[in-house]
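Student: sequence first, predicted coordinates after that:
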Amino acid sequence: MPAREYFAYKKTLIPKIMESFHRLEEKFDVIVIEGAGSPAEINLKKDDIVNMGMAELVDAPVILAGDIDRGGVFAQLYGTVMLLEPKERERVKGLVINKFRGDKTILDPGIQMIEDLCQIPVVGVVPFMNLDIEDEDSLSSALEQKKAGGLVDIAVIRLPRISNFTDFQVFSCIPEVSLRYVSSVKELGRPDLVIIPGTKSTIEDLLWMRSCGLEAAVKKLAGAEIPVFGICGGYQIMGNTITDKEGAEQKAGSSNTQVRGMELLPIDTEFETEKVRTRVAGTFGQVTGILKELSGLEIEGYEIHMGISHSADPDAGFMTQVTEIQQRSTISTISKLQKQDGISYGNCYGTYLHGIFDRPGVAEAITRILLKKKGLDGETVASFDYQRYKEQQYDKLADALRQSLDMKAIYEMMGLKGVEPWQN
């Protein structure tokens with residue numbers, strides 16, 4: 001939706017938001033509600049459903065965090081508090097200073113002054129930490145990586161509306177691989193593998209690739225036996241056609257309801273108004289082409305997409321055999337079913353499965369394959385458990401937060417006096 005249309009519409013979502021909240025409330029003792037942007041966007045606040053508006057809906061205490069790494073943290077905190085309405089200000093129970101570098105004792109006088117000014121306690125100063133935790137879409141410095149330096153060069157097309165780019169993060173943990181994001185033909189060059197990622201708007205990003213020459217360049221690489229791998233929206237882009245009669249991405253009734261795809265995979269995609277949301281686990285099928293050694297490896301991940309893709313080509317093999325736990329957005333029942341997903345067609349591959357590279361052995365196998373294709377020793381690639389690595393990074397974050405935050409005060413804000421969970 002255009003911004004003005006969305007702002008007018010979003011309050012109609014409140015019943016669904018509360019339905020979700022109450023469903024969580026039945027299962028969990030603590031619900032953390034992350035805001036978006038600033039709670040003091042005074043020009044937008046009347047339609048707020050994610051910051052102070054959400055806190056008021058569920059009567060939640062609020063912790064306000066300021067990013068000292070950007071500078072001016074005391075002005076951030078004071079200015080935000082002062083721009084809140086009195087009833088909102090009463091809801092803010094603690095302030096946090098985030099990403100602090102250096103000697104905390106130098107900061108202490110400022111902490112005392114901000115507490116006096118705001119009449120709100122500072123419940124922690126969190127240090128700047130060098131952790132490898134997946135970033136939010138469009139905010140990551142990883143998207144700026146454009147130079148190849150490893151033995152294996154993997155190029156991800158940086159679509160204007162890229163989503164779920166953390167699908168490829170595992171490759172950045174393999175020393176032999178350079179993972180880079182490209183947005184022009186000049187940057188693309190001749191990589192060992194091209195990945196077309198997910199997108200928030202498949203048709204618009206397909207047309208962008210066409211207009212800037214990346215579509216033609218990627219098709220030329222595919223013709224030279226460079227493997228091309230599409231995930232979710234990227235999978236749809238690689239197909240023959242995309243049809244949007246229901247107006248999932250474009251207005252219903254638009255004259256441009258069907259768009260020609262890249263024609264690298266023999267699939268036709270039709271958008272539906274209902275989004276598929278499911279977790280899956282299974283194995284690769286009988287993969288063709290250069291990546292055939294992936295056949296039978298275990299995989300798991302999730303799907304979140306609007307389109308359904310079909311192929312009538314007998315030469316197209318399926319990428320995965322998975323069992324899904326399915327829950328459609330308008331259906332409350334959950335069902336398990338087995339299905340085949342994706343297409344393996346020569347050296348071109350596509351799937352709806354996000355996280356397909358994350359299981360131990362998958363990214364390493366792809367790296368070994370690409371090394372061998374270049375005449376290099378693929379056996380040097382060490383095994384790597386990406387899921388375990390991610391858990392270790394989150395554990396480090398949790399430990400640092402326990403040490404730097406007043407957890408006793410934070411739990412008491414939530415009415416958990418006497419439970420003493422901060423000692424666990």
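Tutor: Received the coordinates, thanks.
Student: mind jotting down where the helices sit in the stretch 1-150 of the chain?
Tutor: Taking DSSP state H, counting those that start in this stretch, the helices of the stretch 1-150 of the chain run over residues 3-9, 14-25, 52-58, 73-83, 86-91, 104-118.
Student: low-confidence ranges, the stretch 101-250 of the chain, go.
Tutor: For the stretch 101-250 of the chain, the stretches with pLDDT under 70 are 137-143, 145-147, 250.
Student: which residue ranges of it form strands?
Tutor: Along the stretch 101-250 of the chain, counting by DSSP state E, counting those that start in this stretch, strands occupy 122-127, 152-157, 162-163, 177-182, 193-196, 198-199, 228-231, 241-243.
Student: which of those strands sits closest to R388?
Tutor: R388 lies closest to strand 177-182 among the strands of the stretch 101-250 of the chain, at 18.8 Å (Cβ to Cβ). (Each C-beta comes from the backbone N, C-alpha and C, glycine too.)
Student: which elements pack onto that closest one?
Tutor: Packed against strand 177-182 by the contact rule (3 or more Cβ pairs under 8 Å, 6 or more residues apart in numbering; DSSP states H and E) you find strand 152-157.
Student: and the strand it packs on, C-alpha only, in CSV?
Tutor: Provided in CSV are the C-alpha atoms of strand 152-157 (Å, rounded to 0.1, in the frame of the first residue of the first chain):
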residue,chain,number,x,y,z
VAL,A,152,34.5,-19.4,-4.2
ASP,A,153,32.5,-16.3,-5.4
ILE,A,154,28.8,-16.3,-4.6
ALA,A,155,26.8,-13.3,-5.9
VAL,A,156,23.4,-12.5,-4.5
ILE,A,157,21.2,-10.1,-6.6
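Student: run through the neighbouring helices and strands of that strand.
Tutor: Counting contacts by 3+ Cβ pairs under 8 Å, 6+ apart, strand 152-157 is packed against strand 177-182, strand 193-196, helix 362-373.
Student: next, count neighbours for A148.
Tutor: 18 (other Cβ atoms under 10 Å).
Student: so, low pLDDT: which residues of the stretch 251-400 of the chain?
Tutor: Regions of the stretch 251-400 of the chain meeting the criterion pLDDT under 70 cover residues 251-256, 324-336.
Student: if I pick Y235, what's in contact with it?
Tutor: I196, L265, I267, S309, G342, I343, G350, T351, Y352 (Cβ atoms under 8 Å, 6 or more residues apart in numbering).
Student: apply 6 Å and report the result again.
Tutor: By Cβ atoms under 6 Å, 6 or more residues apart in numbering, the contact set of Y235 is G350, T351.
Student: what's stretch 178-192 in contact with?
Tutor: Residues outside stretch 178-192 that contact it (Cβ under 6 Å, 6+ apart): 143, 145-146, 148-150, 152-156, 158, 168, 171-172, 213, 217, 370.
Student: ugh, wrong one, I meant stretch 357-364
Tutor: With Cβ under 6 Å, 6+ apart as the criterion, stretch 357-364 contacts V170, F171, L297, E298, I299, E300, V381, D385, Y386.
Student: most centrally placed residue in the chain?
Tutor: Geometric centre of the chain, nearest residue: N164, 3.6 Å, by Cα atoms, centre = their mean.
Student: quick one: contacts for that one?
Tutor: G198, H354.
Student: redo that, cut-off 10 Å
Tutor: 137, 197-200, 231-234, 302, 304, 354-355 (Cβ atoms under 10 Å, 6 or more residues apart in numbering).
Student: okay, stretch 225-243 in PDB with CA atoms only?
Tutor: What follows is stretch 225-243, C-alpha atoms only, in PDB (Å, rounded to 0.1, in the frame of the first residue of the first chain):
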ATOM      1  CA  GLU A 225      26.700 -23.400 -16.900                       C
ATOM      2  CA  ILE A 226      27.000 -21.100 -14.000                       C
ATOM      3  CA  PRO A 227      24.400 -22.400 -11.500                       C
ATOM      4  CA  VAL A 228      21.600 -20.000 -10.600                       C
ATOM      5  CA  PHE A 229      19.500 -20.600  -7.400                       C
ATOM      6  CA  GLY A 230      16.300 -18.800  -6.700                       C
ATOM      7  CA  ILE A 231      14.500 -18.700  -3.300                       C
ATOM      8  CA  CYS A 232      10.900 -17.800  -2.800                       C
ATOM      9  CA  GLY A 233      10.400 -14.600  -4.900                       C
ATOM     10  CA  GLY A 234      13.600 -15.400  -6.700                       C
ATOM     11  CA  TYR A 235      12.200 -18.800  -7.500                       C
ATOM     12  CA  GLN A 236       9.100 -17.100  -9.000                       C
ATOM     13  CA  ILE A 237      11.200 -14.600 -10.900                       C
ATOM     14  CA  MET A 238      13.100 -17.500 -12.600                       C
ATOM     15  CA  GLY A 239       9.900 -19.100 -14.000                       C
ATOM     16  CA  ASN A 240       8.100 -18.700 -17.200                       C
ATOM     17  CA  THR A 241       5.100 -16.500 -16.100                       C
ATOM     18  CA  ILE A 242       3.800 -14.800 -13.000                       C
ATOM     19  CA  THR A 243       0.000 -14.200 -12.900                       C
END
